[in-house]
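Undergrad: model the following, please.
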Amino acid sequence: MKRVLILILISLITQLTQAQEVFTLNEALDAALLHNHNVLISEIEAEKAANLATRGNAGQLPTLGIISSMNWAYNDVELTPGSFFQNLLNPQSGSQPPPSIEYDGVYSTQLQAGIGTEFVIFDGMKGQYRYKMLKTGQVVSGLDHKAKMEQTVMNVTQKYIQVASLQKAIKLKSEALEQSTDRFNIVENRKEFGQVNEQQYLQALADLKTDSTEFRELQLNYRTAYRDLHTEIGWNESSQNPLEEDLSMTFETNYEELSRSLEQNNTLLSVREERIKQAELEESLIKGNLYPRLKANAQYGYAYQTASDGQFETQEQLGVTGGLTLSIPIFSGGRTKTAVQNAKADIRQAQILSDQTKLQLQTTFDNTWEQYQFHKQQLSVEMDNLRIYERNYERAKDSFQRGLITGVELRSAQLSLHNARLKISETQYKVKLTETTLLYLSGKLIFDK
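TA: Model (predicted):
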């Protein structure tokens, strides 16, 4: 009865796998680029950087605003005339001061409204450099967004390959489990006729239980890895449809072309180059502090003031005011000089980081390329070996059925065949993974996924 249940389980798994819709790698990648949280956040950051990259934010456009105010006051006022007013009011009084003038409970109201503008005429080209820095920041933010997309594609591909590898391993283990079941049936029948001893029977039963346990463990690992894949994609999907197992190689570019593409299109290298530009612009921006600053302003407004006591009961003004402001830096305590020196150091630092990144990427690229070539060659060797193991198992199976070899020898041939099939599957996925890594390094991953 137990053997029948195992066979039914294997049959149901096979039928279920065939009936469900296949979830392809391209579908997983498309979903990740739409739902992955890191990609969505970097997209917002790129949008914010694009919003900032305007001449207005760089201070190159005039400002225009409406200014209005209203004030009310209640005071006790005491006015004592000075010498000018003393001579004016009573030139014959000599040194005797006139009495003070006192007002108790004076209330006054002030009202002012107008429209004003301010414009920087010259500031050592700082506005132009600020604008260029904002535009460069927009480029860097876009590259960061692309880098997040590429990293997401890499991560999802790795997770997908892991799940597909486990899925393939489950199929292979189900075949091994079926083979172990057949072997156990034969041994059990022979034991009834005294053709095998108790040890051979127990060994066949132990092998069957081992394969069954490994099969269930693979299923557990498969479900866990599939959930991790959904999490990496970034959506609330819980279905576990079968994945495509034939991740065929679409890689036809040679080493020289990919290496050139790395230098021209690698996202991290592009970011390093933009960082150098930013450091150079920062130096120019700081040097702008050494130049004079000329600023113009103008205002058209209305002012009204009234007081219960005082020189004038009301005052009213309406008109235009304007002017120029010139500021010339003379001495800043050495702060500007220090800032320029540090800016030059930042440029050298950015260049060193760029050189370091280029060397590291080229080394990683060469190592990955060599691994890629090795896995392709190894796959060809393992395919040839598989045919040998298949023939060996068929001969062993035939010999076992005729009683020429023991179940242990058949088990050995079975394990060799299973391991050969499993190794081919793993090598195929290694080829796909190294191929994806090469595309990632060469900056072609998003377009050639």
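
Undergrad: for the chain, which segments count as helices?
TA: Per DSSP state H, the chain carries helices over the ranges 2-19, 25-35, 37-52, 83-89, 126-192, 198-233, 255-265, 267-287, 335-401, 407-441, 445-448.

Undergrad: mind putting these into a markdown table with distance to Thr314 and mean pLDDT?
TA: In short, each C-beta sits where N, CA and C put it, glycine included. Compiled in a markdown table, those are given as follows (distance: least, Cβ to Cβ, whole Å; pLDDT from 0 to 100):
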| stretch | distance to Thr314 | mean pLDDT |
| --- | --- | --- |
| helix 2-19 | 92 | 45 |
| helix 25-35 | 68 | 94 |
| helix 37-52 | 48 | 96 |
| helix 83-89 | 22 | 61 |
| helix 126-192 | 43 | 93 |
| helix 198-233 | 73 | 94 |
| helix 255-265 | 73 | 93 |
| helix 267-287 | 50 | 95 |
| helix 335-401 | 50 | 94 |
| helix 407-441 | 77 | 91 |
| helix 445-448 | 72 | 64 |
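
Undergrad: could I get those helices as CSV with mean neighbour count?
TA: Output for these, formatted as CSV (neighbours: other Cβ atoms under 10 Å):
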stretch, mean neighbour count
helix 2-19, 12
helix 25-35, 17
helix 37-52, 16
helix 83-89, 11
helix 126-192, 20
helix 198-233, 16
helix 255-265, 14
helix 267-287, 19
helix 335-401, 15
helix 407-441, 20
helix 445-448, 16
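
Undergrad: between those helices, which gets nearest to Ile115?
TA: In terms of Cβ to Cβ, the element of these nearest to Ile115 is helix 126-192, at 23.0 Å.

Undergrad: report the angle between the closest one and helix 37-52.
TA: 170 degrees (axes from the mean of the first three to the mean of the last three Cα atoms, to 10 degrees).

Undergrad: so which elements touch helix 126-192?
TA: Helix 126-192 sits against helix 2-19, helix 25-35, helix 37-52, helix 198-233, helix 267-287, helix 335-401, helix 407-441, helix 445-448, with contacts defined as 3 or more Cβ pairs under 8 Å, 6 or more residues apart in numbering; DSSP states H and E.

Undergrad: ok, now how distant is the nearest residue to Gly403 once chain neighbours are set aside from Arg402?
TA: Excluding the flanking residues, the one nearest Gly403 by Cβ to Cβ, 6 or more residues apart in numbering is Gln195, at 7.1 Å. Remark: distance between Gln195 and Arg402 (Cβ to Cβ, to the nearest Å) = 12 Å.

Undergrad: pick out whichever of those two has more residues nearby.
TA: Using other Cβ atoms under 10 Å, the more surrounded residue of Gln195 and Arg402 is Gln195, with 12 against 8.

Undergrad: quick check: the gap between the more buried one and Asn189.
TA: 8 Å.

Undergrad: tell me the confidence at Thr109?
TA: Per-residue confidence at Thr109 stands at 88 (pLDDT).

Undergrad: what of the one 10 residues further on?
TA: Model confidence at Phe119, expressed as pLDDT, equals 90.

Undergrad: burial of Thr321, as a residue count?
TA: 12.

Undergrad: who's in contact with it?
TA: Ala298, Gln299, Tyr300, Gly301 (Cβ atoms under 8 Å, 6 or more residues apart in numbering).

Undergrad: with neighbour count, distance to Asp228 and pLDDT added, can I get those in TSV?
TA: Output for the contacts of Thr321, formatted as TSV (neighbours: other Cβ atoms under 10 Å; distance: Cβ to Cβ, whole Å; pLDDT from 0 to 100):
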residue	neighbour count	distance to Asp228	pLDDT
Ala298	15	64	93
Gln299	16	64	92
Tyr300	13	66	93
Gly301	17	66	91
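
Undergrad: do you know how far the most centrally placed residue in the chain is from Gln240?
TA: Per Cα atoms, centre = their mean, the C-alpha nearest to the average position across the chain is that of Lys148, at 2.8 Å. Distance from Lys148 to Gln240, counting by Cβ to Cβ: 26 Å.

Undergrad: surely Tyr226 meets Val163?
TA: Yes. Contact criterion Cβ atoms under 8 Å: Tyr226 and Val163 qualify, at 5.2 Å.

Undergrad: for this protein, longest strand please?
TA: strand 101-122 (DSSP state E).

Undergrad: for it, what is the distance to the chain centroid?
TA: Strand 101-122 sits 53 Å away from the centroid of its parent chain (Cα atoms, centre = their mean, to the nearest Å).

Undergrad: residues in contact with Lys168?
TA: Applying Cβ under 8 Å, 6+ apart to Lys168 gives the contacts Glu245, Leu422, Ser425.

Undergrad: where's it relative to Glu426, distance?
TA: 9 Å.

Undergrad: give me the phi and psi for the residue lying closest to Gln128 once chain neighbours are set aside.
TA: In space, and not counting its chain neighbours, Gln128 is closest to Gln60: 7.1 Å by Cβ to Cβ, 6+ apart. Here is the backbone geometry of Gln60 (degrees, to the nearest 10): phi -90, psi -10.

Undergrad: rewinding a little: distance to Leu294 added to the helices of the chain, as CSV?
TA: Shown next, in CSV, are those (distance: least, Cβ to Cβ, whole Å):
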stretch, distance to Leu294
helix 2-19, 77
helix 25-35, 50
helix 37-52, 26
helix 83-89, 38
helix 126-192, 12
helix 198-233, 56
helix 255-265, 44
helix 267-287, 17
helix 335-401, 18
helix 407-441, 51
helix 445-448, 48
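
Undergrad: for Thr306, which of these is the nearest?
TA: Nearest to Thr306, of all those, is helix 83-89, at 23.2 Å by Cβ to Cβ.

Undergrad: how near is the nearest residue to Thr54 once chain neighbours are set aside to Ala225?
TA: The shortest distance from Thr54 to any residue other than its chain neighbours is 7.3 Å, reached at Leu134 (Cβ to Cβ, 6+ apart). Using Cβ to Cβ, we find Leu134 at a distance of 44 Å from Ala225.
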